[in-house]
Every structure is written in C-alpha cells, then in structure tokens.
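Student: sharing a model prediction with you, sequence too.
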2 protein chains.
Amino acid sequence: MRNIKLIVAYVGTAYHGFQKQPGGGTIQDVLEEFLSRVCGEPVRLAGSGRTDAGVHAKGQVVSFRTNGSIPAENIPRAALGLLPPDIAILKAEEADEDFHARFSAKSKEYSYVIANTPGPNPLLWDRRWFVGEKLDLELMGRGAEKLLGKHDFANFCSAGSEVSGTRRTVTKAEFFRQGEEITFAIAADGFLYHMVRNIVWALVQVGSGRWNLERFADCIDNPGNGIALEPAPAGGLYLEKVNY
Amino acid sequence: MRNIKLIVAYVGTAYHGFQKQPGGGTIQDVLEEFLSRVCGEPVRLAGSGRTDAGVHAKGQVVSFRTNGSIPAENIPRAALGLLPPDIAILKAEEADEDFHARFSAKSKEYSYVIANTPGPNPLLWDRRWFVGEKLDLELMGRGAEKLLGKHDFANFCSAGSEVSGTRRTVTKAEFFRQGEEITFAIAADGFLYHMVRNIVWALVQVGSGRWNLERFADCIDNPGNGIALEPAPAGGLYLEKVNY
C-alpha cells in the first residue's frame, strides 16, 4: 500500500477546525472527500495535529495510505479544480512506509500576527488580532525569551485538552515588527491546546503594561499558579511548518 | 434634517454586492439595519456606487439623512460592536445639506491586485487574481497609458449596465509591482459596469503576449469593435477612494 504525504495550506475562517468531528464542516472532511475521489476508494488521513476553528495553515502536513494509482505529483493540480479555493495542496509526495503526519513530527512552527493599529481593519478581520494599545516590543521579546527551553506549560493549556504531559521544549520564540504588524514566531517539539494563543495573549498583557514580566515568568515557572489566561483570537494564528 | 457622510471599508466576499437587491445579503442591507438602530428610525442610505459581489472597499462613501441624535463621531465606535467584523465605518461626519454620496462624487479610484505566482495561494483566495504566466509589465503600462483622457469605453462595459453614456475620463492608470504582487491603480470621473475588471483582463492578455498592444488600443479607439472581453475575478478589486 502506498503512503502519501501532503503539504496543505488553508484559511480556517469557514471551517470548524482541521480535525473531523460530528457535524462535519472541517478541513479534514473536505480533504478526505477529495482524496477519496481521486484515489477511487475511501481515504482516511492523519494530520500533524488539529488547528482550531478560524486558525490558518501555510504548511499543515497530512499523510494517508491508499491503493489508488494517481501519481502523487498530480494531486496538487487535481486539487485546484476539486477543492474549494480556501484550501490548497502545495505539495504531494510518496513517503516512507512508516511515515505518519502526527507521530513522525519532530517539531512545529507557528506564527501569530498582531495588527497594532488604532482600530480594526475590516479587510483583515479574520487574519489578525487588532490591538490598539501601545505595545512595548522589547519587553515582550524579553518575555518570549523566557519560553525557550523545556518547561511545564500547564498554565498555557486551556481546559479541554486531551494530552497527558504538559512539558514541551520551545526552540524559538521571538517578535518582529514590520510597520504596524507584529509577528510572533514560535517553534517547539509540540504544543498544548491553545498554547500559542494563550502565550500571545499573556505577552500582550506584558507589552501593554498590565502585567509585569515577573507575572509572565511565574506562569512558566509555577505551573498551576492559578493566573487566568485567555486565548488570543484564532484568526491571527498560522501553522507555518511541521518538521520531521 | 441632518445629512451624514460615512467612509466605509469592507471585504465583499460574504455579500451579494454593495447595493440592495431582492433577497438581501448586501452591504447596504447590513449598513441600513445598523444605522436604523443607532438613529432610532428607518434609514435609507445612498452609496457612491455599487460594488459587485466579492469586490472589496477601503473607502466606499455613503450618505443618509436622519432626525436621529447620535453624534456623527460616535458612529464608527458604535459600529464596532454592531456591524459584522468584515464591515467597518472608518469615519462619520456631518455633511452639507446638498451632499449626496453618488451625485456629488467627482471621481473614483480603484485598485486591482494580481498575484503573479506559479499557483494560487489559498490564504489570499478571495483577495487576488492569481495569474501564473510571465507578464510583461512594461507593455501593460504602455497599454494603461492609452486609457488616459476622455474615451468611449463601451467595449469595456459588460452587458447589464443601466447607464446611458459610455464616455468617461480616466486620470490615472498605472501598474506597479511589489515582489510577486502587481497592482493596477486607476482613477476616473466614473466607471461603467465591470469596467475596471474588463480593463485588467484585457491588459493581462497584453502582458502575457496573447494580445498585441494594437488590439488593446483598438478596444479604446473603436467602441463596438466586437472583441469579447471577460471581467477579471471580483476578489482582486478594491474601491480605494471617492473624491468630492
């Protein structure tokens, strides 16, 4: 049986997240319907992980097994006509027999984009978090540095998670500004439920002066400190890349 | 009675165009519902002109008369909570008694954005026209120059238009490239139905080498020459500004 790996990009606005769920309307549903059609048999795929409703992806990875005969390199082109325009398959290739989009993943990279503008821009309503306050990016950067390394991120994991362990190793966490846009780039060996969005929200509290840096550091150093976090809006979050 | 002028921005993707029509789902419907609510009486507005389904605006102008007492400067803020996030009121002000968003307009400016990339980018699926071919921008610019001045643009007016005259004066028509993005900026004293989209489509034929410059010039010089045009996709078009 063949094992095929796809790199997928999508706008999450119109979907109930990546992962299949009762009621449908997920990106996985749309992809499986398409793949079943071009493979001539029912296809069930594995994603590298879920993305929530409204979260976007530039480099989500999925894998699936099939007896279908379509050459892998033809799949992106076939998808152009058969997938809705807010989902695209950027690349398709044969993968090793034991490759699995989720279990083989070594690390993931996300970006989160804040528009630091006085008012929201409706043209980007579902692609940014609009934060009107003045943000101290240097301070936010110092907070981000504290994320680096292996920590228990239990405080940054929203309720509803299914994972058991809450220790993760963060290998990149940095802010950069281009004009009015502030992008947060983070890489780790894995992410907890809402982890990036909770981190971004907390660092915006730091940048706006509502939190001091010590309060943020305490959320890393003392898992279970009881400080309530809120996830930043889904629309600012992009799954950039999955590394294997 | 007060006369109020609004500057409005929106993403057109989710709407059946700007102008009210049977069946609803237009930007005008949404704005009138909001304005009626904050003014405490039914409001009927006038837009500077229609934008088609899927066309966006950064500076659409509307005007309406009301006996409502809400201060004009409070309207944008009220809209933040009451309008959907893909429509925003950027500015509101009292206008002269005889101001009318449509009849007082002296000229309009549109931009059209082409993504000149090998494949479509799903993250911008409804905001760009994806053209994979190599485009000769210098040649397209020379074509654009021919639009300048007063011409009969009948060839660039799609069927279904209600306007009588087809002569318009174009005061700006130029292309510029930023990385993979090509933007066409055009200003005129008025636009015919699908005029910008038909122009962009024709100039892409020039840029790709399918049309020579003479064929494009003939569409301007000989109204009714019978050459068939197609409108470029709606999603690439932005109403930038209305001048009074």
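Tutor: Yep, it's here. Numbers count the residues shown, from 1 in each chain, chains lettered A, B, ... in the order given.

Student: can you pull the contacts of the residue located most distally from the centre of chain A?
Tutor: Distance from the C-alpha centroid of chain A peaks at residue A:69, with 31.4 Å (C-alpha atoms, centre = their mean). Applying C-beta atoms under 8 Å, 6 or more residues apart in numbering or on different chains, we find residue A:69 in contact with residue A:40. Every residue, glycine included, has its C-beta placed from N, CA and C.

Student: now do the buried residues in stretch A:141-150.
Tutor: Residues of stretch A:141-150 classed as buried: A:141, A:143-144, A:146-147 (neighbour count, 16 or more other C-beta atoms under 10 Å in any protein chain shown).

Student: any idea which helix or strand comes after the one helix or strand in chain A whose mean pLDDT sits lowest?
Tutor: Ranked by mean pLDDT, DSSP states H and E, the weakest helix or strand in chain A is helix A:75-82, scoring a mean of 94. Sequence order places strand A:87-94 as the next helix or strand after helix A:75-82, per DSSP states H and E.

Student: strands paired with that next one, and their directions?
Tutor: Strand A:87-94 sits in its sheet next to strand A:2-10 (antiparallel), going by DSSP bridges.

Student: so does the helix or strand that comes right after the partner strand get close to chain B?
Tutor: Going down the chain from strand A:2-10, the next helix or strand is helix A:27-39, by DSSP H and E. No: figure legend: helix A:27-39 not in contact with chain B (C-beta under 8 Å from any C-beta of the partner chain); closest approach 10.7 Å.

Student: which elements pack onto helix A:27-39?
Tutor: strand A:2-10, strand A:56-66, helix A:75-82, strand A:87-94 (3 or more C-beta pairs under 8 Å, 6 or more residues apart in numbering or on different chains; DSSP states H and E).

Student: just the element for residue A:241, please.
Tutor: Residue A:241 is part of strand A:237-243, with elements assigned from DSSP H and E.

Student: quick one on the thing from earlier: ok, the buried residues of stretch A:141-150 vs chain B, which is closest?
Tutor: residue A:144 (24.4 Å; C-beta to the nearest C-beta).

Student: ok, now which ones touch that closest one?
Tutor: Residue A:144 sits in contact with A:173-175, A:184, A:186, A:203, where contact means C-beta under 8 Å, 6+ apart.

Student: now those residues: which count as buried?
Tutor: A:173, A:175, A:184, A:186, A:203.

Student: for residue B:197, state which of the residues you listed is nearest.
Tutor: Using C-beta to C-beta, residue A:184 is the member of those that lies nearest residue B:197, at 37.3 Å.

Student: dihedrals phi and psi, that closest one?
Tutor: Recorded main-chain torsions at residue A:184 are phi -110, psi 120, according to degrees, to the nearest 10.

Student: of the buried ones among the contacts of residue A:144, which is the nearest to residue A:22?
Tutor: residue A:186 (31.1 Å).

Student: which residues does the residue nearest to that closest one when sequence neighbours are not counted contact?
Tutor: Spatial nearest neighbour of residue A:186, excluding adjacent residues (C-beta to C-beta, 6 or more residues apart in numbering or on different chains): residue A:173 at 4.9 Å. Each residue near residue A:173 by C-beta under 8 Å, 6+ apart is listed here: A:144-145, A:147-148, A:184-187, A:199.

Student: so how far is chain B from residue A:173?
Tutor: Residue A:173 sits 23 Å away from chain B, going by C-beta to the nearest C-beta, to the nearest Å.

Student: please apply the same query to residue A:153.
Tutor: Residue A:153 is 28 Å from chain B, by C-beta to the nearest C-beta.

Student: which sections of chain A are below the confidence cut-off?
Tutor: In the predicted model, chain A carries pLDDT under 70 at residues A:160-164.

Student: give me every residue in it lying close to chain B.
Tutor: Residues of chain A lying close to chain B (C-beta under 8 Å from any C-beta) are A:9-11, A:56, A:58, A:76, A:80, A:85-88, A:90, A:119-123, A:125-127.
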